[in-house]
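K.L.:
Let's see this in three dimensions:
(chains A and B)
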2 protein chains.
Amino acid sequence: MNAPSPRPNERLVHLALGDRAYDILIGPGLIARAGGEFISRLKGRRAAIITDENVGARYLSPLMDSLQTDGVEAVSLTLPVGEKTKSFDNLAAVTDMVLSARIERNDAVIALGGGVIGDLAGFAAGIVRRGVRFVQIPTSLLAQVDSSVGGKTGINTRHGKNLLGVFHQPDLVLADTAVLDSLSPREFRAGYAEIVKYGLIDKPYFFHWLERHWKQVFEGGPERIEAIAVSCQAKADVVVEDERETGRRALLNLGHTFGHALEAATAYDSSRLVHGEGVAIGMVLAHRFSARLNLASPDDAARVAAHLSEVGLPTEMWDIPGELPPTEILMEAIAQDKKVKGGKLTFILTRGIGQSFVADEVPASEVMAFLEGMRNQ
Amino acid sequence: MNAPSPRPNERLVHLALGDRAYDILIGPGLIARAGGEFISRLKGRRAAIITDENVGARYLSPLMDSLQTDGVEAVSLTLPVGEKTKSFDNLAAVTDMVLSARIERNDAVIALGGGVIGDLAGFAAGIVRRGVRFVQIPTSLLAQVDSSVGGKTGINTRHGKNLLGVFHQPDLVLADTAVLDSLSPREFRAGYAEIVKYGLIDKPYFFHWLERHWKQVFEGGPERIEAIAVSCQAKADVVVEDERETGRRALLNLGHTFGHALEAATAYDSSRLVHGEGVAIGMVLAHRFSARLNLASPDDAARVAAHLSEVGLPTEMWDIPGELPPTEILMEAIAQDKKVKGGKLTFILTRGIGQSFVADEVPASEVMAFLEGMRNQ
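P.N.:
Residues are numbered from 1 along each chain as shown, chains lettered A, B, ... in the order given. This is a model prediction of the structure:
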């Protein structure tokens, strides 16, 4: 009935997580094939789809059709667009809907959307009956290369972002690359920043490839699928080695400590800064800070900034529209980040392009002096 | 400073769950020693205590004193007594309190109470920052021998009991046997039913020992500690073998399918039936049903009923005060139980005392005819 996956124009990344192993399929048209992939990989025949208003308007109906054609009974819940959707109230609404749909352990919750929907739906899947099956259909580039892989789920609270959640690995990820054509250039660029990150962590050759091929990645075609597959494989390798982030997985936070602080400093106002843009600026800062500590050459920081700038991403704090709060407030945001142990700061630093490492006990005073210098250049 | 644990009059049960391994300490006076055990086993120095009004009135202050003496900064939240406390609203309240207390990954949530508090606090500990440390101080016999061991946590929803939750193993369990003296005889008996269950699953010698020593177990002293330790070890053995209940752990449900149905049929009205009483009747029914299927001798069922009856537990459906709903309604409650796969019923049956096994595909018609016969004897 169904051709074996992956098909010739697709890529498959396997996460070898023992009894939680799963596949990521990457290629165009996977939403229209979701039913076939579902029944060939999952035992259950029921699904509860969680989506948002934008994505749902385009893709819910083809997804439902595909599931129905292959005999999967599906119901859906459409939520508002935006970060505020990751709330305790919506967690209650989603779990109630999933239980009403009589989803049992072998049935699945399907997240059809970006990181917000994936994080919320994955959290719900992780707590209904202490864990039901979970399928990710990420529709943003950021979700395809980052949040849909690795099992982190969560919601926001008044105390901060992602402070409640579970580790709950999906059973299948379908990254339909055709849907990326409908993203705005700014959304695409924000996801691209995370692709660059994988090169900067430990794949210098991938960063060099991106410098040469980024236009094709933005335009679509085989290079886009290749870039997404390399990114998923890179994240998969780290997750398999360190599923619950006790060590190496922290490398994925390259650029994120500064980035999160800037997001907090702009009150998560996406008209000023989105996550990927914060990461872009954060990665440049991480390379410059490493140069300041005499760990890396300033040329590497310049090369990173040049590439990110070429694709249209912000690279400087002053690229963010509007006023930034004083450096003390930025430092507070950094200190409140989860990557703080006993008052000391943990940072991802680098010895050059593709040579990142986890640095414990970075003095807060150094970070503060560096930030103060950066914004007043 | 602190004498090594366990002390001479104590018992220690170790759960060898790899990087989630932990100890259960069993003995009198452990609440007064909680601070010392905390700091010798956990890295963090903060704790958020969750308790209920009854237990908190007696034991919160000695627990806080002990933690403070050993340098652990503790805050507390006291919730109403009863099953209704296991709600989504209280999960929100507890997680908010834990985040306000700035509990980080190495700090702990402490559950001081029975199964309700343990299930709720454990769930909160499992989702704050995707998992912080968790200490169980069970104060009911039922919680000491059952719910505090094994990592199941959860809350109730309008769809049923424990339908939302996570597996989150504690890092330490302190079963203070002195607190059991303040339990009502009915509460103690309800916990004792679960102790008998471990004998009936696969320890015939333990059942025989209980037949001879139950009075000392009820009165306190070394036999009580012994019975609790054997029970914790029995549960620990099953949990280590099958942490996430994919196979053998289902044996722990002996008596629970019938028991849960009776609890549902009495609308969880504890004046009519508490969990342990439902399990007592359920275990007798499971043995009789096995005899009806020619798997076991009717003499074994009679012997189980005789022992449970001797200690003062109900053993027959008509022991439950008030009217029971029709058998069809009981069957519906059984079918809604989680242990149903694709419409077929999974039951724990037995070949005799201490010879239980998981039986798949038990015909619902057999169960119904059996139940109909039992209530009309």
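K.L.:
where do the strands sit along the stretch 201-350 of chain A?
P.N.:
A:340-341, A:344-350 (DSSP state E, counting those that start in this stretch).
K.L.:
centre of the chain versus stretch A:28-48, how much separation?
P.N.:
22 Å (C-alpha atoms, centre = their mean, to the nearest Å).
K.L.:
which other helices and strands contact the one helix or strand residue A:188 maps to?
P.N.:
Assigning secondary structure by DSSP states H and E places residue A:188 in helix A:185-202. With contacts taken as 3 or more C-beta pairs under 8 Å, 6 or more residues apart in numbering or on different chains; DSSP states H and E, helix A:185-202 sits against helix A:141-142, helix A:204-219, helix A:222-241, helix A:275-292, helix A:298-310, strand A:356-362. Every residue, glycine included, has its C-beta placed from N, CA and C.
K.L.:
quick one: buried residues of that helix?
P.N.:
The neighbour-count criterion (16 or more other C-beta atoms under 10 Å in any protein chain shown) identifies A:187-202 as the buried residues of helix A:185-202.
K.L.:
Let me see the mean pLDDT of it.
P.N.:
Mean per-residue pLDDT for helix A:185-202: 97.
K.L.:
Give me the angle between that helix and strand A:344-350.
P.N.:
90 degrees (axes from the mean of the first three to the mean of the last three C-alpha atoms, to 10 degrees).
K.L.:
relative orientation of helix A:185-202 and helix A:222-241 in degrees?
P.N.:
Per the same axes, to 10 degrees, the angle that helix A:185-202 makes with helix A:222-241 is 50 degrees.
K.L.:
Just the CA trace of helix A:185-202, in PDB.
P.N.:
Only the C-alpha atoms of helix A:185-202 are listed here, as PDB (Å, rounded to 0.1, in the frame of the first residue of the first chain):
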ATOM      1  CA  PRO A 185      11.600  35.300   5.300                       C
ATOM      2  CA  ARG A 186      12.100  36.500   8.900                       C
ATOM      3  CA  GLU A 187      10.800  33.200  10.300                       C
ATOM      4  CA  PHE A 188      13.000  31.200   8.000                       C
ATOM      5  CA  ARG A 189      16.100  33.200   9.000                       C
ATOM      6  CA  ALA A 190      15.300  32.600  12.700                       C
ATOM      7  CA  GLY A 191      15.300  28.900  12.100                       C
ATOM      8  CA  TYR A 192      18.400  29.100  10.000                       C
ATOM      9  CA  ALA A 193      20.300  30.500  13.000                       C
ATOM     10  CA  GLU A 194      19.900  27.200  14.800                       C
ATOM     11  CA  ILE A 195      21.200  25.400  11.700                       C
ATOM     12  CA  VAL A 196      24.400  27.600  11.800                       C
ATOM     13  CA  LYS A 197      24.700  26.700  15.500                       C
ATOM     14  CA  TYR A 198      25.300  23.000  14.700                       C
ATOM     15  CA  GLY A 199      28.200  24.000  12.500                       C
ATOM     16  CA  LEU A 200      29.600  26.200  15.200                       C
ATOM     17  CA  ILE A 201      29.300  23.600  17.900                       C
ATOM     18  CA  ASP A 202      31.500  20.900  16.400                       C
END
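K.L.:
my guess is residue A:22 contacts residue A:172, does it?
P.N.:
Yes: taking C-beta atoms under 8 Å as the definition, residue A:22 is a contact partner of residue A:172 at 5.9 Å.
K.L.:
List the contacts of the residue lying closest to residue A:226 once chain neighbours are set aside.
P.N.:
Nearest residue to residue A:226, sequence neighbours excluded (C-beta to C-beta, 6 or more residues apart in numbering or on different chains): residue A:11, at 7.5 Å. Listed by C-beta atoms under 8 Å, 6 or more residues apart in numbering or on different chains, the contact set of residue A:11 reads A:25, A:26, A:27, A:225, A:226, A:228, A:229.
K.L.:
Pop the domain breakdown of chain A in here.
P.N.:
Chain A resolves into domains spanning A:11-181, A:185-375 when parsed by automatic domain parsing.
K.L.:
Roughly how far does residue A:211 sit from chain B?
P.N.:
Using C-beta to the nearest C-beta, to the nearest Å, residue A:211 is found at 35 Å from chain B.
K.L.:
neighbours around that residue, how many?
P.N.:
The local packing of residue A:211 (other C-beta atoms under 10 Å in any protein chain shown) involves 15 other residues.
K.L.:
Distance check, the nearest residue to it once chain neighbours are set aside against chain B.
P.N.:
Spatial nearest neighbour of residue A:211, chain neighbours left out: residue A:307 (5.5 Å); criterion: C-beta to C-beta, 6+ apart. Residue A:307 sits 33 Å away from chain B, going by C-beta to the nearest C-beta.
K.L.:
just residue A:296 next, same as before
P.N.:
For residue A:296, the distance to chain B - C-beta to the nearest C-beta - is 30 Å.
K.L.:
Contact partners for that residue?
P.N.:
Neighbouring residues of residue A:296 by C-beta under 8 Å, 6+ apart: A:287, A:290, A:349, A:350, A:351, A:352, A:355.
K.L.:
Check which helix or strand the closest residue to residue A:233 other than its chain neighbours maps to.
P.N.:
In space, and not counting its chain neighbours, residue A:233 is closest to residue A:13: 5.0 Å by C-beta to C-beta, 6+ apart. Element membership for residue A:13 (DSSP H and E) is strand A:11-15.
K.L.:
Just the buried positions in that strand, please.
P.N.:
Buried residues in strand A:11-15 (16+ other C-beta under 10 Å): A:11, A:13, A:15.
K.L.:
same deal with stretch A:12-26?
P.N.:
Within stretch A:12-26, the residues that count as buried by 16+ other C-beta under 10 Å are A:13, A:15, A:22, A:23, A:24, A:25, A:26.
K.L.:
Show only the entries of these found in strands.
P.N.:
A:13, A:15, A:22, A:23, A:24, A:25, A:26 (DSSP state E).
K.L.:
Just give me the closest of these to chain B.
P.N.:
Nearest to chain B among those is residue A:22, at 16.4 Å by C-beta to the nearest C-beta.
K.L.:
Contacts only, for the closest one.
P.N.:
A:14, A:15, A:169, A:170, A:171, A:172, A:173 are the contacts of residue A:22 under C-beta under 8 Å, 6+ apart.
K.L.:
who does it bridge with?
P.N.:
Going by DSSP bridges, residue A:22 is paired in beta bridges with residue A:15.
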